[in-house]
Structures are given as C-alpha cells and as structure tokens.
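here is a sequence together with a model predicted from it:
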Amino acid sequence: MKVKILSNVVCDPLSAELKKIIPFAKLSTEYHEDLIVKLNSSTSLHFADSEYIFIHCDYYFHRVVPLMNREVLESIYSFASKSKSLIIVSNSFINGYSDGPVWGSPGKHLNVLFFENDLIRKILSLNNIVFFDYQSIIFEIGFKNAFNYNLGHLYQMPYTKKMLVLFAERLANFLLFYKTPEKKVIVVDCDNTLWGGVIGEDGIDGVKCNTNSDGILYHQFQKFLRIKKEEGFLLCICSKNNFNDVYEVFNKKEMPLRWEDFIIKKINWRDKHVNITEIANELNLGLESLVFIDDNDFELNAVMQMLNVVKSLKFDSDYSSFLTLMENNVFKRKLLTTEDLQKTKQYEDELLRKEEMSNSSSIDEYIANLNIKLDIRKNDINDFVRLSQMTEKTNQFNFNKKVYSVNELSSFVRDCKGYIYSLKVSDKHGDYGTVGLIITEFSGDDVVIENFLMSCRVLGRRIESSFFSFVIDDLSKENKRIKDVRFIKTPKNNPAEEFFKTIKL
C-alpha cells in the first residue's frame, strides 16, 4: 500500500502514528503552505504512482480568506481528473475563521457546503475521488482538545497527541477499507438482536421491535439492515430457536424487515459455525465475505474460534455501542452499481437454478433448459464502474487478479491500446447482470489477452467458453491473432487455471 499525504500542515507526526497501525504501508508526506500551487504544478504528478493520495487542507489553523476553499476544491478536481490514484480528500476545508458572507452567520460549516455544493457535486462525479470525514474527529473531541496553536505556528503542526492518534486510527481504517474486499453477507441472530427479548420465553407479545423506548433500538437496527439490503448486502438468519416461533414473529409483528428479506434462514439448534459455513457454501461465497452479528459472547467467541475469517460483531443494547456498530466499515460500499442494488434478486434467481439443476437428469439437460442468452459488448464505457469493481472482487475465475480503476479502463480505450469486452448474461430465471470481462492489448496485429475474468455465479454453464470464442472470432475479423494469454497463479483461481490449460493458440 503506497500512500502520499499532501497537506498545508506538517503531517510527519500523523504519518508516524499511521505507521504504527499499518506498518506494511509505504507512507510519504509533502507539506506545502500554498497547496493550490502544488496541485496545479506540472511536477505534481511525479508521485502519481501512489495507490492513494490523501489531501488535507486545514484552514482553521491557517485562517485564510473564504475564497481559498473554492480555489482548493477546483485544484483538487483538476488534479484528480488527471490522476490514476484514489484521491482521498479531507473535509477539513470547511473549517474557517475569516470574515465574509460565508462565515458571517451561525452554522458556518454548513454554509461552506451550501455555497460550494455545485463544485463538491462535480468532484464526486469523478470515480477516483472520495471524502474523508475529518470533521467527525473534531466534533468528537472538540477544537480545544484537537489544536495546539502555539506549537502550530512554530512548527506548522497544530494537532495535539490525542488528535493525532485518533486521526491516524480513522485514516488507517479508511485506507484499509479501500484496500480490502467488501463484505457481501450479513448474518444475524434473532433474540435480543433483531428484537428485544427471547421468543421462546417471552412469546409474541413479549418481544419488542417498535418505536417505543423498549423497542426503538431493535426497530432502528432492522431499518439499518433494510438499507444495507438495498445497497446489495445479502441478509441471512442464524438463530438457535424453533423455526416456527421465528416465522411467527415475522408473520404477526409489524417490523421494518419481513421474512422474505432474508435469503437464507438457518433456524435450528446446531452450532452456529456449522450453519454459517452452510450459508457460505449455499451462496457460493468465501467465509471472508460474511459478517456475523449476535448479542451472545459465547456464540461470538465460538464463531471467531472456528471461523476466524468471518467478521464477528457484538450487538449491544447500549445505544452508543449501537451507533458505533453502524459506523463499522464492514457495512460500507466503495461504490454502488446496478448489480449491487439487484444483488438479493440475483441470488434468489440462483437458488431457483440450483433447484432446477437438482431435478435435471444431466448437466446438458439443465443448461439447455435455462435458455441462456449472452450480450457481449466492446468498449462499453457505461459499464466501466462495474468492470472495475469486478477486477477487485472476482477471485475464482480471474487470470491475474490485476485491479483496474475506472480511469485506467477509460484511458486504455481512449489511448486505443486494445479492446475491453464485457459480458452480460440472462436466462429464464432472471438477469445475472455484467459477469464477464476480457481485456485485450494490441501490438500491431498481435494481441495479448491481458486478463479474463468471470463471476463465480455463472461458472459451470459453459459460458466462459462461448465468451472466449466470441472474442477470438471478433479479433480474427480484423486479422488480429492472439500471441499470448497472461495468467498468474493465485491461491483462489483454480477454476481459471483449469480453463487456461485448455487454451490452444
């Protein structure tokens, strides 16, 4: 992980704290009192090979004119539009001290966002730029605990030790979130988690999930999970309970979540690590894709011991702990795509396919009955967000696990380096969405297959062969020939390796 920090305050102490948390990261800092000049300079791209560039402009300390905020934001937009790195922008620019129309009334921080709303929206339209919530740190510990102005004016480093430690912790978590794959499944307990009380002891009337004081926490948690479902997370139940009792709660009580919102329900008296393993297998996902939430320390510890790759989190009836739980990065998305919003429907369709396969006499009969349709496109820039996401998330059928940003895919096509083929699939049960990618690079009439990847959801249907053959035929029409296919072995890409062995150039 290579991280560059650009700031108008000296950030070497921040870098030192970061190094304690993520010692494997390669960190470097650059201090520029006039950061606008640096961002606009032609030499500013000499660190463009950094994976992440963190830009931090704290004008509460420097106390400059309000116009400076807009100039900084415009410079950031111009810089990010030319960079292949992920640009992380601290919202420190909304700090201010000077007089002027923006600052002349209460609520000055909101005023800045209001006056600069058009520019902030423009910045967020770029796929390689995100905001880091530095302000939440200030609000948590207060300005007086965050700033040491005397030392700041002497050394251009205005932050207290307490501020630096918390700043580094939040920034490290932010960087690690973007470095690691997103979670895909949320597995939840029922009693004292989805609702207050124990259904087997308290009965339907005794369990609470409403807007009253004794049920509001659980009501809000269910609303939170419903939003996560809309963002593409799959919801599952893992509860030691009688199946009919749990079903009765959903059937008779008015709650934000319904029975059908959960794609898999493991409601029995078996060990929870066994149920969670089955959930992962049935969804054809790795255990590292799952988050498990329970109120019981024994159950959490047992799962952590048996399945340490599963992220296990405690649901606490303390409201402040609940708010902290909801802020955990495992529940966040780096970027939402159409496929994310349709994720539950796609997995419901997949369960129908598995049921049909179990009733088929042969794999040939099963595939024929699906009525599979392929939609193969070339250089479809409208799908580059999803394709970029696939290069990060796809593991099993991925020829080299090289991650491409949207900017990299766009520049690849813009510079005419080759073709980017994408594959959409549908069948009688529903739409899989975009599930395949082949990147070709040209050298005259010679072609190198830079990468070939497919979503695990469509493996076993012989689609990969049809997709690859289409690309070969399409290139041959332009008298281009495949010279090489890049393949790099990874711990998880055995399916890709098996297909690679069948390729004959």
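Everything's here; your move. Quantities reported herein were computed from a predicted structural model and do not represent experimental measurements.

three-state assignment of the closest residue in space to residue 271 that isn't next to it in sequence?
Spatial nearest neighbour of residue 271, excluding adjacent residues (CB to CB, 6 or more residues apart in numbering): residue 302 at 6.9 Å. Backbone N, C-alpha and C define where each C-beta goes, glycine included. The local conformation at residue 302, judged by DSSP: H, G, I helix; E, B strand; the rest coil, is helix.

next, count neighbours for residue 302.
Around residue 302 there are 16 other residues, counting by other CB atoms under 10 Å.

surely it meets residue 276?
No: under the criterion of CB atoms under 8 Å, residue 302 makes no contact with residue 276, lying 10.4 Å away.

still on that earlier bit, residues in contact with the residue nearest to residue 271?
Contact analysis of residue 302 by CB atoms under 8 Å, 6 or more residues apart in numbering lists 271, 272, 273.

over to residue 464?
397, 436, 454, 458, 499 are the contacts of residue 464 under CB under 8 Å, 6+ apart.

what about the residue lying closest to the second one once chain neighbours are set aside, which SS state?
For residue 436, the nearest residue in space outside its immediate sequence neighbours is residue 423; the separation is 3.0 Å by CB to CB, 6+ apart. Using three-state DSSP as the criterion, the local structure at residue 423 reads strand.

partners of residue 423 in the sheet?
Per DSSP bridges, the residues bridged to residue 423 are residue 376, residue 436.

about what we covered before: what's the closest of the contacts of residue 302 to residue 141?
Nearest to residue 141 among the contacts of residue 302, counting by CB to CB, is residue 272 at 37.7 Å.

quick check: that closest one vs residue 303, distance?
6 Å (CB to CB, to the nearest Å).

and if you look at residue 246?
If you go by CB to CB, the gap between residue 246 and residue 303 works out to 19 Å.

what of residue 276?
6 Å.

what is in contact with the two at once?
With CB under 8 Å, 6+ apart, residue 276 and residue 303 have common neighbours 292, 310.

before we move on, the earlier item: which neighbours do residue 272 and residue 303 have in common?
Joint contacts of residue 272 and residue 303 (CB under 8 Å, 6+ apart) are 292, 294.

before we move on, the earlier item: any idea of the pLDDT on the residue nearest to residue 271?
On pLDDT, residue 302 comes in at 95.

in helices, which of the contacts of residue 302 appear?
Counting by DSSP state H, the contacts of residue 302 place 272, 273 in helices.

on that earlier part again, closest to residue 428 among the contacts of residue 464?
residue 458 (14.4 Å).

quick check: that closest one touching residue 435?
Yes: using CB under 8 Å, residue 458 is in contact with residue 435, at 4.9 Å.

who has more neighbours, these two?
Counted by other CB under 10 Å, residue 458 and residue 435 do not tie: residue 435 has more neighbours, with 27 against 22.

now do the contacts for the more buried one.
Here residue 435 is in contact with 423, 424, 425, 454, 455, 457, 458, 463 (CB under 8 Å, 6+ apart).

turn the residues you listed into TSV, columns for distance to residue 369.
Supplementary listing: those in TSV, determined by distance: CB to CB, whole Å:
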residue	distance to residue 369
423	21
424	20
425	15
454	21
455	21
457	18
458	16
463	15
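
identify, from those, the entry nearest to residue 209.
residue 457 (33.0 Å).

three-state assignment of residue 321?
Applying three-state DSSP: residue 321 is helix.

quickly note the distance from it to residue 359.
From residue 321 to residue 359 the distance is 47 Å (CB to CB).

more neighbours: which of those two?
A direct count of neighbours by other CB under 10 Å for residue 321 and residue 359 places residue 321 higher, at 12 against 9.

and the more buried one, how close does it get to residue 217?
10 Å.

for residue 424, same thing?
42 Å.

ditto for residue 411
The value you get for residue 411 to residue 217, if CB to CB is used, is 48 Å.

for residue 60, same thing?
From residue 60 to residue 217 the distance is 36 Å (CB to CB).

can you give me the helices in the stretch 301-450 of the chain?
319-326, 338-341, 343-358, 363-370, 384-393, 406-414 (DSSP state H, counting those that start in this stretch).

of the ones you listed, which approaches residue 230 most closely?
helix 338-341 (6.9 Å).

quick one, longest helix in this protein?
Ranked by residue count under DSSP H, the longest helix found in the chain is helix 161-179.

please export the C-alpha coordinates of that one as PDB.
Only the C-alpha atoms of helix 161-179 are listed here, as PDB (Å, rounded to 0.1, in the frame of the first residue of the first chain):
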ATOM      1  CA  LYS A 161      -1.200  14.000  20.600                       C
ATOM      2  CA  LYS A 162      -4.800  13.000  21.300                       C
ATOM      3  CA  MET A 163      -5.900  14.400  17.900                       C
ATOM      4  CA  LEU A 164      -3.000  12.700  16.000                       C
ATOM      5  CA  VAL A 165      -3.800   9.300  17.500                       C
ATOM      6  CA  LEU A 166      -7.500   9.400  16.600                       C
ATOM      7  CA  PHE A 167      -6.800  11.000  13.200                       C
ATOM      8  CA  ALA A 168      -4.400   8.200  12.400                       C
ATOM      9  CA  GLU A 169      -6.700   5.500  13.600                       C
ATOM     10  CA  ARG A 170      -9.600   6.800  11.400                       C
ATOM     11  CA  LEU A 171      -7.500   7.300   8.400                       C
ATOM     12  CA  ALA A 172      -5.900   3.900   8.700                       C
ATOM     13  CA  ASN A 173      -9.300   2.300   8.900                       C
ATOM     14  CA  PHE A 174     -10.400   4.300   5.900                       C
ATOM     15  CA  LEU A 175      -7.400   3.200   3.800                       C
ATOM     16  CA  LEU A 176      -7.700  -0.500   4.900                       C
ATOM     17  CA  PHE A 177     -11.400  -0.400   3.800                       C
ATOM     18  CA  TYR A 178     -10.400   0.600   0.300                       C
ATOM     19  CA  LYS A 179      -7.600  -1.900   0.300                       C
END
